[in-house]
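[1] only the shape, not the letters, is given here:
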């Protein structure tokens, strides 16, 4: 079985495993108060050109999302996000379990707009019953989105401008940040991202780490007592050094973005095969997730050879599916799938 169903099928990149083994018996303080976490945090500040940023390491995306949102919002506030956003559909209501409603906005391509955010804010403050309705307090977007699309520099700048105008925090989920930053034509880098949001996280789990995400807090108002919230939400790891080591290795020498770029280029080969065969796409994008619309009979013939994710039914005989490349995808596996697409 060749797996294209997600970007975390494998364990971890060899350079991370080697460093973990090399440092295994070194004694360090716990809970992220070690030299490895300090080094990784400084690397992140340098990449972002944000010397005052607070950096915290958590084990996974769900922990990062619920911890950031729990720390940012008051009890009566909720989160504006795409209806397809990860916190809305794939985290078992984790954010809502913290007491904060997720307020979905329509986004056929996975991206919400600054205009939608502004309208949601205006609709709330102009409602006669405004004080009986959950108040938007934070905007959540993903870079890249659940549908593999990305926000440009101009879109991020406009979104952040509107959020500040409306008194909303802007939080960027970076689970697949490497694949976004490595996308062809991308004009967003760490520095641009850090300058245009209040908080974001750098994904490790989907980009070669065993596990882990690095939360980067830019807004001073969100820094206070964040470690208390991490502890309360189960995100403060005793062996925090394991996270620091992994992020130091991921971010060294441009490896993180180059890893994303490699996966994106392999995804392009699958994209090209779909185009050659005449298969349309549910959503056009240029990151590591591909969403072709393929006849059900063809998909059925592949069920014992490839693993892929079902996305939605398009008509009575066609479905949209997701093929996902990763840091570990083998070129020969991509070639096999591309050949089968062209010959289907």
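    Received, thanks. For clarity, every value in this text was computed on a predicted model and none was experimentally measured. Numbering: from 1, shown residues only.
[2] in contact with residue 206, which residues?
    6, 7, 8, 175, 176, 178, 179, 326 (Cβ atoms under 8 Å, 6 or more residues apart in numbering). Glycine gets a C-beta too; all of them are placed from N, C-alpha and C.
[3] any idea how far residue 204 is from residue 318?
    According to Cβ to Cβ, to the nearest Å, residue 318 and residue 204 sit 36 Å apart.
[4] quick one: pLDDT of residue 339?
    As predicted, residue 339 sits at a pLDDT of 98.
[5] so which of the contacts of residue 206 wins on neighbours?
    Most neighbours among the contacts of residue 206, by other Cβ atoms under 10 Å: residue 179, with 35 neighbours.
[6] just confirm that one contacts residue 264, I think it does.
    Yes: contact criterion Cβ atoms under 8 Å: residue 179 and residue 264 qualify, at 5.8 Å.
[7] and for these two, which residues touch both?
    Contacts common to residue 179 and residue 264, judged by Cβ under 8 Å, 6+ apart, are 287, 288.
[8] the contacts of residue 206: which two are farthest apart?
    Greatest spatial distance among the contacts of residue 206 (Cβ to Cβ): 6 and 178, at 14.8 Å.
[9] neighbours of residue 110, just the number please.
    Residue 110, neighbours per other Cβ under 10 Å, totals 22.
[10] what sits against it?
    Counting by Cβ under 8 Å, 6+ apart, residue 110 has contacts 82, 84, 142, 145, 146, 147, 148, 149, 283.
[11] out of those residues, list just those in strands.
    Applying DSSP state E to the contacts of residue 110, the entries found in strands are 82, 142.
[12] on that earlier part again, of residue 318 and residue 204, which one has the most company?
    Just comparing residue 318 and residue 204: by other Cβ under 10 Å the higher neighbour count belongs to residue 204, 32 against 17.
[13] residues contacting residue 287?
    The contact partners of residue 287, by Cβ under 8 Å, 6+ apart, come to 144, 148, 149, 150, 176, 179, 180, 182, 183, 264, 267.
[14] want to throw the residues you listed into JSON lines with distance to residue 343 and pLDDT?
    Formatted as JSON lines, the contacts of residue 287 follow (distance: Cβ to Cβ, whole Å; pLDDT from 0 to 100):
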{"residue": "144", "distance to residue 343": "30", "pLDDT": "96"}
{"residue": "148", "distance to residue 343": "25", "pLDDT": "97"}
{"residue": "149", "distance to residue 343": "29", "pLDDT": "98"}
{"residue": "150", "distance to residue 343": "31", "pLDDT": "98"}
{"residue": "176", "distance to residue 343": "30", "pLDDT": "98"}
{"residue": "179", "distance to residue 343": "28", "pLDDT": "98"}
{"residue": "180", "distance to residue 343": "32", "pLDDT": "98"}
{"residue": "182", "distance to residue 343": "30", "pLDDT": "97"}
{"residue": "183", "distance to residue 343": "28", "pLDDT": "97"}
{"residue": "264", "distance to residue 343": "24", "pLDDT": "98"}
{"residue": "267", "distance to residue 343": "20", "pLDDT": "98"}
